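>>> Take this sequence and fold it.
(one chain, ligands or ions: 1)
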Amino acid sequence: MSMLSVKDLTAGYGQVRVLNGISFEVAQNEFVGILGHNGMGKTTLLRTLMGYIRATGGTVELEGQAITRLSTHARSRAGMGIVPQGREIFPGLSVRDNLRMGMAARKVDEAAEIAQILQEFPRLERLLDRTGGALSGGEQQLLALARCLCAAPRLVLLDEPTEGIQPSIIEEIVETLHALRKKRDLTVVLVEQNLDFIAELADRVLIIQKGEFTNTLAPSQLADVEMVGEFVGFGAG
Ligand SMILES: Nc1ncnc2c1ncn2[C@@H]1O[C@H](COP(=O)(O)OP(=O)(O)OP(=O)(O)O)[C@@H](O)[C@H]1O
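Residues are numbered from 1 along each chain as shown. This next block holds a predicted model:
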């Protein structure tokens, strides 16, 4: 059974349709990348999968369960999590309290849960009492991912995690995701513009153009700048 199964998904804003019939499957423990120009619908797709935007047509199944009509909270309880573009941590709360907010919907031993998260995100340990807004972009991205994991998702949707982040922390995010994949048996759908990042993490890469998937690339093909440029238009950048 697939972890995620999406069929003919359509969605948009008011009368403007942005997703024009998206279909794809993601296997358990697979990492799938999504690549496309700005404005092609990547963020809209992740937000529709998470239930922030209502699908106007099509179906979404998580581990065989129909979730197309469920609320965002219900999807979260069913095992789906999102790390949104721009990270959206709570800037006025401490790192510890940001993590606590991530667990709010579950009955867990907070201290034990935070100890586990710190093993997976050692950089956060000395930052626990700092406010989220005082962290660097890369640290905020790690915190956003850690907070998402506090809800114990099995599928994580990542929206442009490397946006505005220094290369040294980008490499740390790659390593963290590889480790989480093994340790938590995590499945990831990853929207990215950073070709190196996506090539290091994704098992396959779906190309989105005008709200539709038009091609699938192997990660090794991302090194072929001309080929990527043909599909995505920013290969040379
Ligand atoms: N809240 C909104 N209301 C109306 N139109 C929107 C809204 N959000 C996005 N759009 C439009 O929907 C289309 C797809 O946007 P979306 O953010 O999904 O693209 P994207 O591929 O994620 O691009 P980016 O990388 O710039 O975020 C764009 O034409 C955008 O202008």
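>>> just checking, Thr214 touches Val232?
No: the pair Thr214 / Val232 is not scored as a contact, 10.2 Å apart, by Cβ atoms under 8 Å. Backbone N, C-alpha and C define where each C-beta goes, glycine included.
>>> Those two: who's more crowded?
Val232 (22 against 12; other Cβ atoms under 10 Å).
>>> And the closest residue to that one other than its chain neighbours, how close does it get to Gly79?
Spatially, and ignoring its direct neighbours in sequence, Val232 is nearest to Leu35 (5.6 Å; Cβ to Cβ, 6 or more residues apart in numbering). Distance, Leu35 to Gly79, by Cβ to Cβ, to the nearest Å: 25 Å.
>>> Helix, strand, or coil at Leu158?
Each residue gets one of three states, and Leu158 gets strand by DSSP: H, G, I helix; E, B strand; the rest coil.
>>> And Leu35 and Gly79? Which one has more around it.
Legend: neighbour count by other Cβ under 10 Å for Leu35 and Gly79, higher for Leu35 (25 against 18).
>>> mind listing what that one touches?
Residues near Leu35 by Cβ atoms under 8 Å, 6 or more residues apart in numbering: 192-193, 195, 198, 205-208, 217, 222, 228, 231-232.
>>> At which residues are the strands of this structure located?
Ranges of strands in the chain, per DSSP state E, are 4-13, 16-26, 31-35, 57-62, 65-66, 80-83, 155-159, 187-191, 204-209, 212-217.
>>> Can you tell me which residues in the chain are near the ligand?
Proximity of the chain to the ligand, by Cβ under 6 Å from any ligand atom, involves residues Tyr13, Val16, Val18, Gly36, Asn38, Gly39, Met40, Gly41, Lys42, Thr43, Thr44.
>>> give me that answer again for 5 Å
Residues of the chain that fall close to the ligand, judged by Cβ under 5 Å from any ligand atom: Tyr13, Val18, Asn38, Gly39, Met40, Gly41, Lys42, Thr43, Thr44.
>>> what does stretch 73-82 contact?
Contacts of stretch 73-82 (Cβ under 8 Å, 6+ apart): 46-47, 49-51, 62-63, 65, 67, 70, 105, 148-149, 151-159.
>>> measure the nearest residue to Leu145 once chain neighbours are set aside to Gln221 for me?
Among residues not flanking Leu145 along the chain, Val83 sits closest, at 5.3 Å (Cβ to Cβ, 6+ apart). For Val83, the distance to Gln221 equals 26 Å [Cβ to Cβ].
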